[in-house]
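**Student:** sequence plus the predicted model coming up.
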Protein chains: 2
Amino acid sequence: MSPQSGRWLGLDIGGTTVKAGVVEPDGSWERSPEVLPTELAGGPAPFLDALADFARGFGAVNGIGIGCPGVFDPATGALRASANLQPLVGSILGPELEQRLGLPKGSVRVGNDANLAAYGEQWKGAGVGLDDLCLVTLGTGIGGGLILDGRLYGGTHGMACEIGHLVVVPREQGGLPCGCGSAGCLETFASATHARRRAREAGLTDDLEELCARGRAAEGPERALLHAIGRDLGRGLSYVVSLLDVTDFIVGGGFSGALDLLLPGIMETMEARRYGTPEPRVVRAALGEDAGWIGAARLAGDPA
Amino acid sequence: MSPQSGRWLGLDIGGTTVKAGVVEPDGSWERSPEVLPTELAGGPAPFLDALADFARGFGAVNGIGIGCPGVFDPATGALRASANLQPLVGSILGPELEQRLGLPKGSVRVGNDANLAAYGEQWKGAGVGLDDLCLVTLGTGIGGGLILDGRLYGGTHGMACEIGHLVVVPREQGGLPCGCGSAGCLETFASATHARRRAREAGLTDDLEELCARGRAAEGPERALLHAIGRDLGRGLSYVVSLLDVTDFIVGGGFSGALDLLLPGIMETMEARRYGTPEPRVVRAALGEDAGWIGAARLAGDPA
């Protein structure tokens, strides 16, 4: 499914700034050097006014896509929950923006930022040519997005791909409590946050860049820890393989710079759990911070 | 996605017999009282001849769907692997049957039987009205099928929904070896085979009907064991919820008669692992042995 020809604006609303860019009719794209501060102290209305002004600055477009962290109601498009954008919860961003910009109904589409990052990577990044893929973002937590049969898969309630909360070691077998209320979730093993915790517990530096530098420089406890974290990540990814027969993984997020050191462990566990499917491929995301707004721009161009 | 109007024949090739039936243009359906023995000792050709004769007996149809256990190559339609139908591996059943019946190219479609059972249940059974669902079949092993966004999801390599091989307790934490080469798979906890093993190990009858009868009659070790097996099943299903945001489950297969006794345990674990999604619904399959051929008939009517 490729977007209809047109000029599409993508907006990626983060906790501190809104990143944006345009995909042109010829497929080329450019991120705007300007960002809009995510200023929500005054409530949703002034922020949406500013967002409309910001969007207007990009000139005439055929449609606008908006990504942000949180859960959208698939039926109404309302933002149902968002830890980082609490004041926007309840807002139906599409019509709010259409009204302010005088655009026809349906011109502004919304989606979860991690899901849209997967959509962006498939369109213009590390997933070009793949019909099925799983994006995994390693950051404070672990999130991601799924492309299945060439389509962005959002789930029945807009909550698909909570890959960070796949239980890799059950509570009964010693899994640690997770912020979600469960225990032994993938996040508690392999997010940047928990990688730092594991480094501290092993008496190593909890600066992840430094940890990786040491791991690359020589064999030793740093490399061994990153190998072990990779093994745990592989446990999580193996559920995607068994359940969905998806074998292409794209790893993004702040901790993805460690992928070269995580990969041997990832492949080790995935190989041990593999059953019939071809060997998985795990590559690093290509678009970095652009994946989100590019995926949003693509969403804008999807057939209604 | 509803099948185009027409008269569709479904064939469900099992290890011992081929079950079949027709879905009429008005949507009504009937299973044939006759079955064809799955006689493969002479190789594929005589069996395919007999299958064509069998199909001919149903009169004129707009298309034919075939389900069987195994993995089909999504590109060619060739049966790539099948434990129970080994002599048919390598056959491209669609063209073989089209040729024998003088039907146009594309009139005969093929798919995995468990996937097609999910498709059948969604069309005419317990899944009517649901866009996303997971069918779980509890038998010798544990298999299933996924309907996502209203479509049958087969996976990149035709191997989706190996739900029986989701690892619920890793090898390192004591998971038992599984036939697939991994360890701690859902199957090793909750298939009919392993339910019997667990019953024996607990000093109880390994006749599952008798075990269930006793579990229903009174509190006691039988009910407790089935509750524990349900808890383990819930672990497996929770991966489907976390990864896909699918919350509707349909349970079929020979051991699904125990669902009333398994359900409290299933819900207990799923509740403990639930994170943001609504409470899952777990119901028993409605079509029994008809799900497979009905799903195959539906596949026959799908747009090309």
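**Tutor:** Sure thing, it's come through. Numbering: from 1, shown residues only, chains lettered A, B, ... in the order given.
**Student:** over to A:Ala75. Which of the three states is it?
**Tutor:** Secondary structure for A:Ala75, judged by DSSP: H, G, I helix; E, B strand; the rest coil, is coil.
**Student:** who's in contact with the closest residue to A:Pro46 other than its chain neighbours?
**Tutor:** Nearest residue to A:Pro46, sequence neighbours excluded (C-beta to C-beta, 6 or more residues apart in numbering or on different chains): A:Glu39, at 7.5 Å. Heads up, the C-betas are built off the backbone N, CA and C, glycines and all. By C-beta atoms under 8 Å, 6 or more residues apart in numbering or on different chains, the contact list for A:Glu39 reads A:46-47, A:50.
**Student:** make TSV out of those and add pLDDT.
**Tutor:** As requested, these are exported to TSV (pLDDT from 0 to 100):
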residue	pLDDT
A:Pro46	97
A:Phe47	98
A:Ala50	98
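**Student:** and the residue in the stretch 201-304 of chain A that chain B sits nearest to, how many neighbours?
**Tutor:** Nearest residue of the stretch 201-304 of chain A to chain B: A:Asp245, at 2.6 Å (C-beta to the nearest C-beta). Look at A:Asp245: counted by other C-beta atoms under 10 Å in any protein chain shown, it has 25 neighbours.
**Student:** residues contacting the residue lying closest to A:Ile142 once chain neighbours are set aside?
**Tutor:** Nearest residue to A:Ile142, sequence neighbours excluded (C-beta to C-beta, 6+ apart): A:Gly164, at 3.3 Å. If you count contacts by C-beta under 8 Å, 6+ apart, A:Gly164 has them with A:141-144, A:185-187, A:191, A:236.
**Student:** who in the stretch 201-304 of chain A is up against chain B?
**Tutor:** A:235, A:238-240, A:242-248, A:272-273, A:275-278 (C-beta under 8 Å from any C-beta of the partner chain).
**Student:** out of those residues, which are buried?
**Tutor:** Neighbour counting over those (16 or more other C-beta atoms under 10 Å in any protein chain shown) leaves A:235, A:238-240, A:242-248, A:272-273, A:275-277 as the buried ones.
**Student:** quick one: the helices in chain A?
**Tutor:** A:44-56, A:93-101, A:113-124, A:187-190, A:192-201, A:208-217, A:221-244, A:259-273, A:291-301 (DSSP state H).
**Student:** and the residue lying closest to A:Pro25 once chain neighbours are set aside, how far from A:Ser32?
**Tutor:** Once flanking residues are discounted, A:Pro25 sits nearest to A:Ser5: 5.3 Å by C-beta to C-beta, 6+ apart. Separation of A:Ser5 from A:Ser32 (C-beta to C-beta, to the nearest Å) stands at 21 Å.
**Student:** ok, these two, which is more surrounded?
**Tutor:** A:Ser32 (18 against 12).
**Student:** excluding sequence neighbours, find me the nearest residue to the more buried one.
**Tutor:** A:Ala20 (4.9 Å).
**Student:** that neighbour contacts A:Leu11, doesn't it?
**Tutor:** Yes. The pair A:Ala20 / A:Leu11 is scored as a contact, 4.9 Å apart, by C-beta atoms under 8 Å.
**Student:** overlap of the contact sets of the two?
**Tutor:** A:54-55, A:293.
**Student:** still on that earlier bit, got a list of what the residue nearest to A:Ser32 touches?
**Tutor:** A:9-12, A:31-32, A:34-36, A:54-55, A:58, A:293.
**Student:** could you dump those into CSV and include distance to B:Ser256 and pLDDT?
**Tutor:** CSV is the format used below for the contacts of A:Ala20 (distance: C-beta to C-beta, whole Å; pLDDT from 0 to 100):
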residue, distance to B:Ser256, pLDDT
A:Leu9, 50, 98
A:Gly10, 46, 98
A:Leu11, 47, 98
A:Asp12, 45, 97
A:Arg31, 52, 96
A:Ser32, 55, 96
A:Glu34, 58, 96
A:Val35, 54, 96
A:Leu36, 54, 98
A:Phe54, 55, 98
A:Ala55, 53, 98
A:Phe58, 55, 97
A:Trp293, 47, 98
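**Student:** quick one: A:Ala60 and A:Trp8, what's the gap?
**Tutor:** Taking C-beta to C-beta, one finds A:Ala60 at 11 Å from A:Trp8.
**Student:** for the residue most central in space within chain A, list the residues it contacts.
**Tutor:** The centre of chain A sits closest to A:Ala114, judged by C-alpha atoms, centre = their mean, with a distance of 2.5 Å. A:Ala114 sits next to A:69, A:135, A:137, A:143-145, A:161 when contact means C-beta under 8 Å, 6+ apart.
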